[in-house]
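Colleague: Here is my input; please provide its structure:
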Amino acid sequence: MMIEKIKNLFKKEHDPLSSDEKLQLIEKSSKLVGPGVFYSTLIVIASFLPVFLLTGMEGKLFSPLAWTKSFILIVDAFLAITLTPVLISFLLKGKLRPENKNPINRKLESIYTPILVFCLKWRKTVLGINIVALLIGLVMFTRLGSEFMPPLDEGSVLFMPVTLPDVSNSEVKRILQVQDKLIKSIPEVDHVLGKAGRANTATDNSPISMIETIILLKPQSEWREGKTKNDIITEINNKLQIPGVTNGFTQPIINRINMLSTGIRTDVGIKVYGESLDTINALSQKIKKALEGTSGVKDLYAEPITGGRYIDIEAKREMLGRYGLSIDDINAVVEAAIGGMKLTTTIEGRQRFSVNARYAQEYRNSIDALKKLQVQTMQYGPIPLETIAEVKISDGPPMINSENAMLRGSVLFNVRDRDLGSTVKEAQKKLNSMMSKMPKGYYIEWSGQWENQLRANKTLSIILPIVVIIIFLILYFTYHSMKESLITMITVPFALIGGVFMVYFYGINLSVAVAVGFIALFGMAIETAMLMTIYLNESMNKMVEKYGNSSQTITEDILKQYIVDGSAKRLRPKLMTVSVSLFGLIPILWATGTGADVMLPITVPLIGGTITSTIYVLLVTPIVFEMVKLHELKTKGKIELIDVKE
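Modeller: Numbers count the residues shown, from 1 in each chain. A predicted model of the protein is given here:
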């Protein structure tokens, strides 16, 4: 842009210029460009303000993008007003060719000018077509699905089935081995590694009934033709239909993130809060039954609150008195036999290990064996435990979860073959009648990815209007005119048309990634429209210098001619700006591999919006500008002149 401006100012009677003249013109041009560079940088940085204010995982993922873009713009603006003039003074030598001598520029203007003249002639029709396109875009926007973040393909699968709470160690080991063998039989599977229960860490509270199996897949080039990852998951699910086992599928990294951020290991969780475990369990089962058959709901599962099995040893106090024993005597026997009694501590270097002793496996592997445990008495010798205590199996909760000082149950499900937003909304409609009939002191809370989506949407809904106001104020300080600022701001909804069309036809759901793409488009569209408005106002100043500022001297044809001249002026730098953006973005459409899933939703609205905003700025902005100036001539008898700096 600066080079084009300097070439325009180099039109002198004698050429080449002297060194002093050249330096003076470079200095003058740099001062002319400075404000434009400054305000453009402010607008783009301000448009990224919502990204800076995102929190949680979305903030950690996208804030580096916003910071990088902002720092690049700041450095770019600094170099444009410092280094570029110096380089121009060295590189621009000899006679400079006029702009109309450039064949590319001449060809572009020969194509663009007739189209613009046609649009100005049929301005109402062109505006009507744009408004219809805007309405179609709004309809498409309402039909887009929604989700928190586009699913990132990690290249592996985490299979998380859950068995009954009272499953034994031997049975869960058998199930794990059967599952691993069946999974490995699928040709696309490379390695399988499963575990049951918790890991050797205090942060893992998984019960023995929870299995986690990591499935590593072969490179996609080795898959059967036409197979996708979803097809493989479906095939695994169909093979592993084991009675008493509820299957669940996710990915290793996102599962850990979900567990740490929301406490829910699936895409969506419904937390049921209350005071009684039995009531919470009944409500959870009702919610699960209501959600069965909902489109998109997969791996539906209610966390068991009852069904645990416990060995209760209740002392018979009358028999204890007869044999001269106490409760402590029973506890000592149970501790030594089942739990293990600490005998001593061994020290190896700086490490200490306790040495425990307990009964051999055959003396404690069944209820009958426990009943026969020998308890030593002072007068009667050893007697069986069942003589002085009742040994039985009782029901109880397998695990007690609490949150916010209340007991909690959960209904979990993943979302596949449908977007997250519409699935949850349909589920909420099904549960609305039940929510009004819940007992006092009991309530539900939606969690998982839906909780994150609501948080991100709330942040964006609060900050986006503020950003629009900030950008409008920047435009106002640039133009010192409310009218010109509005003309530039009108570009935004029409720029979004192309983004919405591209997102719709690519089948992408609205997400934080798509929102970031639209935010980047927002600043780019304003910047391009700002450039066109500056050139149009510069053309108006030239027209007034020649014809005066009066409706008596300025006709509609004269106004139209100067609008065409102002629009066609610097067509090449306008298209260069757009082309550089498109050439950098289009290759992402064909990107593959890890990370492409997140980049595509950012890129698609940017590409579509850049195309439509360019068409709007080149063809519709001059029409709106002409209509505004004609209205000024009719109502005020003159046009408002704005002296803006590029």
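Colleague: next one: stretch 268-277 to chain centre, how far?
Modeller: How far stretch 268-277 lies from its chain's middle: 27 Å, per CA atoms, centre = their mean, to the nearest Å.
Colleague: residues making contact with that stretch?
Modeller: With contacts defined as CB atoms under 8 Å, 6 or more residues apart in numbering, stretch 268-277 is touched by 262-264, 280, 283-284, 287, 305-306, 397, 400, 403-404, 406-415, 420, 423-424, 427, 431, 439, 441-450. Where C-beta positions appear, they are placed from N, C-alpha and C, glycine not excepted.
Colleague: what are the ranges of the strands in the stretch 151-300 of the chain?
Modeller: Remark: strands assigned in the stretch 151-300 of the chain by DSSP state E, counting those that start in this stretch are 156-159, 189-196, 211-217, 249-250, 268-274, 297-302.
Colleague: deepest of those, which one?
Modeller: Sort the strands of the stretch 151-300 of the chain by mean neighbour count, taking mean count of other CB atoms under 10 Å, and strand 268-274 sits at the top with a mean of 24.
Colleague: what's the burial count for the nearest residue to N281 once chain neighbours are set aside?
Modeller: Residue nearest to N281 in three dimensions, not counting chain neighbours: I305, with 4.0 Å by CB to CB, 6 or more residues apart in numbering. Applying other CB atoms under 10 Å, we find 28 other residues in the vicinity of I305.
Colleague: quick one: secondary structure of I305?
Modeller: Under the three-state scheme (DSSP: H, G, I helix; E, B strand; the rest coil), I305 adopts coil.
Colleague: check contacts around it.
Modeller: Contact partners of I305, counting by CB under 8 Å, 6+ apart, are L277, D278, I280, N281, S284, P397, P398, G409.
Colleague: Export those as a markdown table, with columns for pLDDT, distance to S29 and neighbour count.
Modeller: As requested, the contacts of I305 are arranged in a markdown table below (pLDDT from 0 to 100; distance: CB to CB, whole Å; neighbours: other CB atoms under 10 Å):
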| residue | pLDDT | distance to S29 | neighbour count |
| --- | --- | --- | --- |
| L277 | 86 | 77 | 17 |
| D278 | 86 | 80 | 11 |
| I280 | 89 | 73 | 25 |
| N281 | 87 | 76 | 20 |
| S284 | 89 | 71 | 22 |
| P397 | 82 | 78 | 19 |
| P398 | 81 | 77 | 19 |
| G409 | 88 | 70 | 25 |
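Colleague: buried set for stretch 347-365?
Modeller: Buried residues in stretch 347-365, defined by neighbour count with 16 or more other CB atoms under 10 Å: Y359.
Colleague: Check the gap between the residue lying farthest from the centre of the chain and D328 for me.
Modeller: In the chain, Q379 marks the outermost C-alpha relative to the chain mean, sitting 74.4 Å out by CA atoms, centre = their mean. The gap separating Q379 from D328 is 18 Å, by CB to CB, to the nearest Å.
Colleague: cool, and T555?
Modeller: In terms of CB to CB, T555 sits 111 Å off from D328.
Colleague: Between these two, which is the more surrounded one?
Modeller: T555 (12 against 8).
Colleague: Can you read off the pLDDT for the more buried one?
Modeller: Looking at T555, its pLDDT is 81.
Colleague: do V598 as well
Modeller: We have a pLDDT of 78 for V598.
Colleague: Which helix or strand contains it?
Modeller: Per DSSP states H and E: V598 is located in helix 596-615.
Colleague: distance between stretch 285-301 and the chain's centre?
Modeller: For stretch 285-301 - counting by CA atoms, centre = their mean - the centre lies 25 Å from the chain centre.
Colleague: Other residues contacting it?
Modeller: Under the contact criterion CB under 8 Å, 6+ apart, stretch 285-301 has outside partners 162, 246-249, 266, 270, 272, 302, 411-419, 422-423, 426-427, 430-431, 434, 444.
Colleague: Counting neighbours, which of the residues you listed end up buried?
Modeller: Among the contacts of stretch 285-301, those classed as buried by 16+ other CB under 10 Å are 162, 246-249, 266, 270, 272, 302, 411-416, 418-419, 422-423, 426-427, 431, 444.
Colleague: on that earlier part again, among the contacts of stretch 268-277, name the ones in strands.
Modeller: Among the contacts of stretch 268-277, DSSP state E puts 403, 406-415, 443-448 in strands.
Colleague: If you count neighbours, what's buried in the helix holding V598?
Modeller: Burial within helix 596-615, assessed by neighbour count using 16+ other CB under 10 Å, is assigned to 596-614.
Colleague: Which strands or helices does that helix pack on?
Modeller: Packing partners of helix 596-615 (3 or more CB pairs under 8 Å, 6 or more residues apart in numbering; DSSP states H and E): helix 491-505, helix 512-547, helix 571-585.
Colleague: any chance of the ones you listed in a markdown table, with distance to G324 too?
Modeller: Formatted as a markdown table, the helices and strands packed on helix 596-615 follow (distance: least, CB to CB, whole Å):
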| stretch | distance to G324 |
| --- | --- |
| helix 491-505 | 82 |
| helix 512-547 | 72 |
| helix 571-585 | 88 |
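Colleague: Ok, which of those helices comes nearest P219?
Modeller: For P219, the closest of those is helix 512-547, at 25.9 Å, according to CB to CB.
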